[in-house]
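A.B. asks: give me a model of this one.
(one chain, ligands or ions: 1)
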Amino acid sequence: MTDIWTRLKDHRNAQGDLRIETLFAEDPDRAAAYATSDGGLVFDWSKTLIDAGARALLLELARPVAARRDAMFAGARINETENRAVLHTALRNLDGKVMVDGRDVMPAVRATHERMRDFATALRDGGFTGQGGRITDVVNIGIGGSDLGPAMATRALSPFHDGPRVHFVSNVDGADIADVLRGLDPATTLVIVASKTFTTIETMTNAETARKWMARQVTDPAAQFAALSSAQDRTAEWGIDAARVFGFEDWVGGRYSLWGPIGLSLMIAIGPDLFDSFLAGGAAMDRHFRDAPAERNLPILLALAGIWHHQICGHATRAVLPYDNRLARLPAYLQQLEMESNGKRVAMDGRELDLPSGPVVWGEPGTNGQHAFYQLIHQGTAVVPCEFILAARGHEPDLAHQHLLLIANCLAQSEALMRGRSLDEARALMRAKGLTGDELERQACHRVFPGNRPSTTLLIGQLTPYTLGQIVALYEHRVFVEGAILGINSFDQWGVELGKELALQVAPLLAGEPAPGHDPSTLNLARLVRELRG
Ligand SMILES: O=P(O)(O)OC[C@H]1O[C@](O)(CO)[C@@H](O)[C@@H]1O
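C.D. replies: Numbering: from 1, shown residues only. Predicted structure coming up:
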């Protein structure tokens with residue numbers, strides 16, 4: 001562990017039981033000084049124990065990030081274990097020139113983007129039809145990065161939908177595809193098979209099911225399939241016409257792929273122009289990340305707040321709490337983005353990390369979460385740093401009063417987490433209810449809130465394609481900064497491999513075939529499953 005980490009930990013220890021409220025009392029400018037904004041986004045990190053000393057040390061920690069950031073944007077092969085460049089940013093900065101191995105990759109990116117626009121437009125205006133007429137429904141079949149990004153964004157931007165209905169199927173559980181296809185007309189449905197590798201077992205199994213479903217009603221099922229993939233040899237083998245295949249290069253990681261072909265379903269739902277506005281929001285965040293000094297750089301500050309809470313303070317998890325029902329899938333999206341990227345145990349050079357890597361990320365939209373798990377956040381023994389996300393304006397002018405109530409709840413939660421309620425305050429409350437003596441004492445202790453629980457708030461004007469682009473790119477770069485500081489390769493995901501391999505080896509067991517090498521518990525469970533299936 002380097003000196004700077006030690007100094008940060010010492011600093012935290014020296015803070016002892018310092019309260020966040022004391023920081024506000026000592027610094028009348030704290031609220032403004034710790035509310036950093038760019039492009040209409042405000043990141044308020046004042047309700048944390050990051051004081052001036054911690055802030056200076058954290059910024060020192062971030063110093064080496066710039067070189068790695070510049071290497072990423074320049075197309076260097078920073079994904080070393082896969083020997084790949086990391087250039088999802090090229091998908092949203094369409095005017096530029098990006099050299100990979102001496103070749104400008106942008107003409108091909110722009111050409112694919114134009115083809116996507118043409119295809120989406122044809123679907124939306126009826127220029128492309130199904131065998132039963134105009135396409136009414138689009139089903140995106142994909143998993144992980146080939147599902148979570150477009151599913152999250154399509155839901156987030158529902159006020160902007162004016163194209164065919166868009167549905168998502170991801171789970172290999174047949175219940176998923178059965179529920180989605182039920183009620184759809186194969187003759188007016190387009191199926192998009194989204195898979196970077198075009199080998200993922202869940203996706204290929206669901207795609208096969210969809211093809212059979214389609215074949216029952218239409219003469220040429222393949223004509224109503226499109227593919228989004230880097231493996232164009234496999235899409236051809238599978239029978240999808242190259243005219244409806246939208247490719248991307250291996251330098252776009254699955255969980256970073258929403259900006260290109262994997263975003264086709266979103267483009268179909270909201271139209272190419274609004275999709276471009278989503279890209280513009282992401283590109284604006286890229287410029288900010290590249291140009292803003294560290295002390296005003298939103299991705300860097302989000303990352304430093306994360307590092308402070310997880311690696312320095314030792315809080316094991318982080319809750320993402322969007323006060324926006326349309327961001328319901330954002331926590332799941334961020335789980336993949338953050339945990340698949342930074343959930344590693346070795347550093348880039350293969351040595352074991354001497355610090356914890358990324359935290360567990362979880363969450364649900366407010367106010368629903370308030371009536372479920374906030375009890376633990378307020379009074380449980382574990383401290384859970386909370387990340388609130390809030391839009392000042394909703395999309396329902398007739399329901400503005402409900403939006404104000406939503407905002408009030410969000411602000412109240414962060415205030416309550418920080419302030420808490422002392423035993424004396426709890427006693428006064430009980431006294432006001434007429435309690436006295438032992439009964440008052442017995443009841444009061446349950447009404448105590450320790451407070452001093454940290455939170456940050458990301459405030460936007462309104463959730464639009466542009467602001468969603470800013471937010472997604474902000475989180476991507478935050479993950480990058482955290483990974484760079486920890487010395488992690490945030491762009492591989494070897495940890496998903498072992499389970500995939502073993503699933504293939506377990507399958508014969510379920511069929512009652514001999515399969516050597518399994519442990520007694522797995523053998524027993526497989527036997528019980530066989531019995532229960534009859
Ligand atoms: O797009 P593909 O190749 O089907 O992969 C789907 C997902 O599977 C993973 O490779 C592993 O879960 C993810 O990184 C990826 O997003």
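A.B. asks: going forward, measure contacts between C-alpha atoms and count neighbours the same way
C.D. replies: Noted.
A.B. asks: and the closest residue to the ligand within the stretch 401-534 of the chain, how far from residue 211?
C.D. replies: Proximity to the ligand, evaluated over the stretch 401-534 of the chain using C-alpha to the nearest ligand atom, is greatest for residue 496 at 5.5 Å. In this structure, residue 496 lies at 28 Å from residue 211, with C-alpha to C-alpha, to the nearest Å as the measure.
A.B. asks: please apply the same query to residue 518.
C.D. replies: 35 Å.
A.B. asks: kindly report the same for residue 248.
C.D. replies: As for residue 248, its distance to residue 211 is 24 Å (criterion: C-alpha to C-alpha).
A.B. asks: residue 264 too?
C.D. replies: From residue 264 over to residue 211 (counting by C-alpha to C-alpha), the distance is 20 Å.
A.B. asks: neighbour-wise, which of the two wins?
C.D. replies: The residue with the greater number of neighbours, taking residue 264 and residue 211 and applying other C-alpha atoms under 10 Å, is residue 264; the counts read 27 against 18.
A.B. asks: using the three-state scheme, assign the most centrally placed residue in the chain.
C.D. replies: Nearest to the centroid of the C-alpha atoms of the chain, with distances taken as C-alpha atoms, centre = their mean, sits residue 334, at 2.1 Å. Following DSSP: H, G, I helix; E, B strand; the rest coil, we place residue 334 in the helix state.
A.B. asks: just after the host helix or strand of residue 504, pick out the following helix or strand.
C.D. replies: With the criterion set as DSSP states H and E, the secondary-structure element containing residue 504 is helix 497-510. Going down the chain from helix 497-510, the next helix or strand is helix 520-533, by DSSP H and E.
A.B. asks: buried sites along that following helix?
C.D. replies: Of the residues in helix 520-533, those with enough neighbours to count as buried (16 or more other C-alpha atoms under 10 Å) are 523, 526, 527.
A.B. asks: stretch 178-190 too?
C.D. replies: Within stretch 178-190, the residues that qualify as buried by neighbour count (16+ other C-alpha under 10 Å) are 181, 185, 186, 187, 188, 189, 190.
A.B. asks: for the last one, give me the backbone phi and psi.
C.D. replies: Backbone dihedrals for residue 190, given as degrees, to the nearest 10, come out at phi -110, psi 130.
A.B. asks: stretch 134-145 and the ligand in contact?
C.D. replies: Yes: with C-alpha under 6 Å from any ligand atom as the measure, stretch 134-145 is seen reaching the ligand through 143, 144, 145.
A.B. asks: I'd like the buried residues of stretch 178-190 as a markdown table, with distance to residue 99, pLDDT and secondary structure appended.
C.D. replies: Rendered in a markdown table, the data for those read as follows (distance: C-alpha to C-alpha, whole Å; pLDDT from 0 to 100; DSSP: H, G, I helix; E, B strand; the rest coil):
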| residue | distance to residue 99 | pLDDT | secondary structure |
| --- | --- | --- | --- |
| 181 | 43 | 98 | helix |
| 185 | 45 | 98 | coil |
| 186 | 43 | 98 | helix |
| 187 | 43 | 98 | helix |
| 188 | 41 | 98 | helix |
| 189 | 39 | 98 | strand |
| 190 | 35 | 98 | strand |
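A.B. asks: residue 118: which of these is nearest?
C.D. replies: The shortest gap between residue 118 and any of the buried residues of stretch 178-190 belongs to residue 190, at 15.4 Å (C-alpha to C-alpha).
A.B. asks: which ones are touching the closest one?
C.D. replies: Under the criterion of C-alpha atoms under 8 Å, 6 or more residues apart in numbering, the neighbours of residue 190 are 130, 135, 137, 138, 139, 224, 225, 226.
A.B. asks: repeat that with 7 Å
C.D. replies: Remark: with contacts taken as C-alpha atoms under 7 Å, 6 or more residues apart in numbering, residue 190 is in contact with 135, 137, 138, 139, 224, 225.
A.B. asks: the fifth one and residue 131 touch, don't they?
C.D. replies: This means residue 224. No: here residue 224 does not reach residue 131: they are 8.1 Å apart, not a contact under C-alpha atoms under 7 Å.
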